[in-house]
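Participant: Give me a 3D structure for the following:
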Amino acid sequence: MSRRPRIGFVGIGWIGRSRLEAMLATGAIEVAALCDASEEALAAASALAPDAQVLGRYDALLDLDLDGVVVATPSAGHAAQAQAALERGLAVFCQKPLGRDEAEVRAVVAAAGRADRLLGVDLSYRFTDGMVRIRDLVRSGELGQVFAADLVFHNAYGPDKAWFYERALSGGGCVADLGIHLIDLALWTLDYPEVAAVSARLYAGGALLPARPERIEDYALASIVLETGASLRLVCSWRAQAGRDAVIAAEFHGTAGGAAMRNVDGSFYDFAAERFRGTAREPLCGPPDAWGGRAAADWARRLAAGERFDAAEGERLVAVASVLDSIYGQRPGPVHL
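Facilitator: Model (predicted):
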C-alpha cells in the first residue's frame, strides 16, 4: 500500500485497547475509527488515538474509508462482524474465537477467500519466545519423533463478564476460552498434522456433563489422537483450586528429547521454557517477554506489506474449530481417554 492502512476498531475494552497500542507501536497503520457502546471505553481509546473518528454503531464504521477492522467484542459477534467487514473488502484481525463453532469459522474463512483479504486471529501464545523456540526444536527434528504432548491452562478466577457463562453468546466455557489456545499451540507446533480422533470429559461444578451440554463447563480434559500416531492431552479450567492465579504449560515428548514452556509463579504473562535431555534440562528462555500484542503487531505489519488471504492459515483455523466441536460432542467418534 502506498499509504498506511486505515484501521477501525470495534470493541475497545482492555484487550481491544491493548491491541490498539500494539498496532500503533509498529508505525505501520493509522487508527482511523473507534466503535464501542461504552463512552468510558471510547474515552480511554481516544486518548491513545486522538485523531480517530468515534462511533457508536458498527455499520457506521463499515461505511468509512477503511482498509481493515479489528474485532474485540464479545464472542457472539465475532463471526458476523468479521464476515461483514470482509464482504466490504476489508481485512480483519479478530479476537479468539473467530466463531462459536466450525460452521461459523468456515463462513468467515470463505468470506476472506472470496474477498482475498488478510484474516488474522489473536492466538497470541504462538508469539511467546518459549513457544517459538519449542516449535523450532520440534520442526527441526532435534527432539526426534514427537509422540505425545501435555498441555494445561487452569485459571483460578474465571471470566468476570456474564456473557461468558451463556453458551449462545460464548460458544462454550473454559474450552472455548482457554482450551482453544492449547489446541492451537499443539497443532501449530507440530505443523498441523491431521486429527484422527477426539474424546473429552466436561464438568460443571464437579458434575459430569453430557455431550452437547447446555451448561457451561468449568473443567475439561480431552484426548486428541493424530494421524501420525501422536497423542495430545489437554486440561483446562476456570476457578481452579490451583493454589495460585494460573497454571499454564505445554510439554512435548520426543524420542530424542523433550521441551516445555510453563508459567512462572502463577503468572498469566511470565513464562520460562526448557529443553530436556534424559534427566538433564537446559533453559531456552525466560521472562521478561512482552508477547501480548505481538499477534496484533504482526497482522498490522503484514497488512501494510500488502499481504492478502492465506488459504493454508484459513484451513488451520478451521482445523482448530473442528477439534473444539468434537470436544463439545457435536460429532460422534471413538473414545481414547
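Participant: which regions of the stretch 51-200 of the chain lie under the pLDDT threshold?
Facilitator: For the stretch 51-200 of the chain, no stretch is flagged by pLDDT under 70.
Participant: mind listing the helices for it?
Facilitator: 58-62, 78-87, 102-115, 129-140, 167-170, 174, 180-189 (DSSP state H, counting those that start in this stretch).
Participant: Ok, which of those helices comes nearest residue 326?
Facilitator: Closest of those to residue 326 is helix 102-115, at 9.1 Å (criterion: CB to CB). Placement of C-beta: from N, CA and C, glycine included.
Participant: returning to that earlier point: let's have the helices of the stretch 51-200 of the chain in a markdown table, adding mean neighbour count.
Facilitator: A markdown table is the format used below for the helices of the stretch 51-200 of the chain (neighbours: other CB atoms under 10 Å):
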| stretch | mean neighbour count |
| --- | --- |
| helix 58-62 | 17 |
| helix 78-87 | 23 |
| helix 102-115 | 20 |
| helix 129-140 | 18 |
| helix 167-170 | 16 |
| helix 174 | 28 |
| helix 180-189 | 23 |
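Participant: of all the ones you listed, which lies closest to residue 25?
Facilitator: So among the helices of the stretch 51-200 of the chain, helix 129-140 is nearest, using CB to CB, at 17.9 Å.
Participant: ok, now which residue in the chain is the farthest from the centroid?
Facilitator: Here the centre of the chain is the reference, and by CA atoms, centre = their mean the most remote residue is residue 279, at 33.1 Å.
Participant: and the most centrally placed residue in the chain, what is it in contact with?
Facilitator: The geometric centre of the chain, computed from its C-alpha atoms, lies nearest to residue 123 (CA atoms, centre = their mean), at 2.8 Å. Counting by CB atoms under 8 Å, 6 or more residues apart in numbering, residue 123 makes contact with 96, 180-181, 184, 188, 295.
Participant: In TSV: these, plus distance to residue 244.
Facilitator: Listed next are the contacts of residue 123 as TSV, based on distance: CB to CB, whole Å:
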residue	distance to residue 244
96	24
180	22
181	18
184	24
188	26
295	25
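Participant: thought residue 33 was touching residue 52?
Facilitator: Yes - using CB atoms under 8 Å, residue 33 is in contact with residue 52, at 5.7 Å.
Participant: what do the two both touch?
Facilitator: In contact with both residue 33 and residue 52: residue 9, using CB under 8 Å, 6+ apart.
Participant: who touches stretch 302-318?
Facilitator: So stretch 302-318 is in contact with 1, 4-5, 26, 28-29, 67-68, 91, 98, 102, 105-106, 109, 112-113, 115-121, 187-188, 192, going by CB under 8 Å, 6+ apart.
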